[in-house]
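[1] Pasted the sequence and its predicted model underneath.
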Number of protein chains: 2
Amino acid sequence: MDAFRQDAEDLPGTIAVRLALAIHEHRLLPGTKLSEDEVGSIYGVSRTLVRAALLQLSHEQLVVLRRNRGAFVTQPTIKEAHEVFEVRALLEPHCARAAAARTTPADTARLQAIIDHEHLARDAGENGIAMRLSGLFHIEVARLSDQRTLVEFIAHLVARSSLIFALYGDQEGAPCSKASHHAILHALAYHDADAAEDQMRRHILALVAALNLRNPPAAPQTLREALETSPGLAP
Amino acid sequence: MDAFRQDAEDLPGTIAVRLALAIHEHRLLPGTKLSEDEVGSIYGVSRTLVRAALLQLSHEQLVVLRRNRGAFVTQPTIKEAHEVFEVRALLEPHCARAAAARTTPADTARLQAIIDHEHLARDAGENGIAMRLSGLFHIEVARLSDQRTLVEFIAHLVARSSLIFALYGDQEGAPCSKASHHAILHALAYHDADAAEDQMRRHILALVAALNLRNPPAAPQTLREALETSPGLAP
DNA sequence: GCTGCGCTTATTGTATACGATCCTCCCAAC
DNA sequence: GTTGGGAGGATCGTATACAATAAGCGCAGC
């Protein structure tokens, strides 16, 4: 999700961002088909731009493109879920440490605002929005490290995490407990690099621990969709 | 460069792979313009497919797309160069450690073959090919860790590293000294996780140390290209 | 009644056409 | 001689048209 730049009317990018938003907020669930014509008519553009947007999302692994079949919201496997959080556990604590040395009062305020909005959304039952804001917190923390490459990777992982929560999360989503983000913010505000790194690591591990990574996907899908997940009629 | 799957005639992907290959082998240098018409005529396809390929490459950050201007081979900045290698120093030793436990004799042979080919190419003066094979070694090591997510990230970083070598590398490219790769392979073959991780870390640090990251890009380009690098006539 | 084949239809893959934007080069004016 | 403006050309941005593939459905045959 390296796309907060709707600068010079980048239509494909804008469409991709809107679709990504819907995915992050769990309005589009894993497995959903994204027809080119349908998306195009919704946003009032031709298939050309929709294809570009879907291509972009496929590179972020939010959707998978199946030749002559179309685009579908990705359904991460259990293995992929483990991988995503393992890499997050590697990158994000490192980021948090780097961020601690650079956090300004303005940064603190911004992060606090995100946390507040997240809690507001969750209390209002807007779990989708809360989830997006929760991810945004992680991305903003990464941004503080002033390492664009790292930020982009983490943004990707956070986006994929949203799909993982949709598939394997406990329904009443409290994926990021209130205390965790606050503890991280506290460490950052006081420039405590050790604590920031440690809190972030604990937080990531708590996230993966809260998932249901033993059973197959709990998403209610049609029998057809359930069976067509294996393309080449795997043995 | 998550594209070694030229399976079911994926034309855009094939074109992207070919272009990426040329970039990795330094036949296409940073700053070079990739005109849609020109690329299309070379490969005998329409601009549609070329655009898809360029879009893909732009997501891998091998090319940058400038609106109404076209696609250009990316010219990484010094800061980006530092970032890329910092993340590599974080990810690849981790990968090497994981790989050490899983390396089979077949893997060892494959890696050795890559090293041999690399040396052959370098001795033959084919520095471009040697560079590509050197990167391939890193990717194959990552692949041994059996973590796709990590492999994709590292493949991206290796690809970008190739651009960095093109811009900031010492001309007679010995970016990966012969001994380094062999030492890593040795550690892997003997399942010595500590040594593998350590050797990989040293190797990455040696790579960045061998770069010329103090001076501005040494790539000989036209005055026009040199000046148009700053889009908004930056102050 | 069930199975297998062929047609229909919907959707994607690719090419091409047209409009928009930017660059270049020339010419006039100062 | 330099500078400003404008016409021309080249290239990209987007839409649309046609071809190709796959999915769905009905019908015939066993």
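    Nice, I can see it. Just so it is clear, the model here is predicted, and its values are computed rather than measured.

[2] all helices of chain A, in order?
    A:11-24, A:36-43, A:47-59, A:78-100, A:105-123, A:127-144, A:148-168, A:178-189, A:193-209, A:223-227 (DSSP state H).

[3] Would you mind putting those into CSV with mean pLDDT and mean neighbour count alongside?
    Every C-beta, even on glycine, is put in place using the N, C-alpha and C of the backbone. Shown next, in CSV, are the helices of chain A (pLDDT from 0 to 100; neighbours: other C-beta atoms under 10 Å in any protein chain shown):
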stretch, mean pLDDT, mean neighbour count
helix A:11-24, 93, 20
helix A:36-43, 93, 15
helix A:47-59, 95, 21
helix A:78-100, 96, 21
helix A:105-123, 94, 15
helix A:127-144, 94, 22
helix A:148-168, 95, 23
helix A:178-189, 93, 19
helix A:193-209, 95, 19
helix A:223-227, 46, 11
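
[4] for these, which one sits closest to B:H156?
    The closest of these to B:H156 is helix A:148-168. By C-beta to C-beta, the value is 8.5 Å.

[5] what angle do the closest one and helix A:47-59 make?
    90 degrees (axes from the mean of the first three to the mean of the last three C-alpha atoms, to 10 degrees).

[6] what angle do helix A:148-168 and helix A:78-100 make?
    140 degrees.

[7] What is helix A:148-168 packed up against?
    Applying 3 or more C-beta pairs under 8 Å, 6 or more residues apart in numbering or on different chains; DSSP states H and E, one finds that helix A:148-168 contacts helix A:11-24, helix A:78-100, helix A:127-144, helix B:78-100, helix B:148-168.

[8] before we move on, back to that, closest to B:D198 out of the helices of chain A?
    Comparing the helices of chain A by C-beta to C-beta, helix A:78-100 comes nearest, at 17.1 Å.

[9] name the helices or strands packed onto the closest one?
    Against helix A:78-100 (3+ C-beta pairs under 8 Å, 6+ apart) you get helix A:127-144, helix A:148-168, helix A:178-189, helix A:193-209, helix B:78-100, helix B:148-168.

[10] Format these as CSV; extra columns: distance to A:E118.
    CSV is the format used below for the helices and strands packed on helix A:78-100 (distance: least, C-beta to C-beta, whole Å):
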stretch, distance to A:E118
helix A:127-144, 4
helix A:148-168, 14
helix A:178-189, 8
helix A:193-209, 14
helix B:78-100, 28
helix B:148-168, 26
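
[11] and DNA strand C, which of those is closest to it?
    The minimum distance between DNA strand C and the helices and strands packed on helix A:78-100 falls on helix A:148-168, with 19.5 Å, by C-beta to the nearest atom of the strand.

[12] Please state the offset of that closest one from the chain centre?
    4 Å (C-alpha atoms, centre = their mean, to the nearest Å).

[13] Name the nearest residue to A:Q56, sequence neighbours excluded.
    Sequence neighbours aside, A:A16 is the residue nearest to A:Q56 in space, at 4.5 Å (criterion: C-beta to C-beta, 6 or more residues apart in numbering or on different chains).

[14] so how far is DNA strand C from the one you found?
    16 Å (C-beta to the nearest atom of the strand, to the nearest Å).

[15] what sits up against stretch A:152-164?
    Under the criterion C-beta atoms under 8 Å, 6 or more residues apart in numbering or on different chains, residues A:1-2, A:20, A:23-24, A:26, A:30, A:60-62, A:73-76, A:80-81, A:84-85, A:87-88, A:91-92, A:95, A:131-132, A:135, A:138-139, A:142, A:207, A:211, B:87, B:149, B:153 lie in contact with stretch A:152-164.

[16] restrict those residues to those near DNA strand C?
    With the criterion set as C-beta under 7 Å from any atom of the strand, no member of the contacts of stretch A:152-164 is near DNA strand C.
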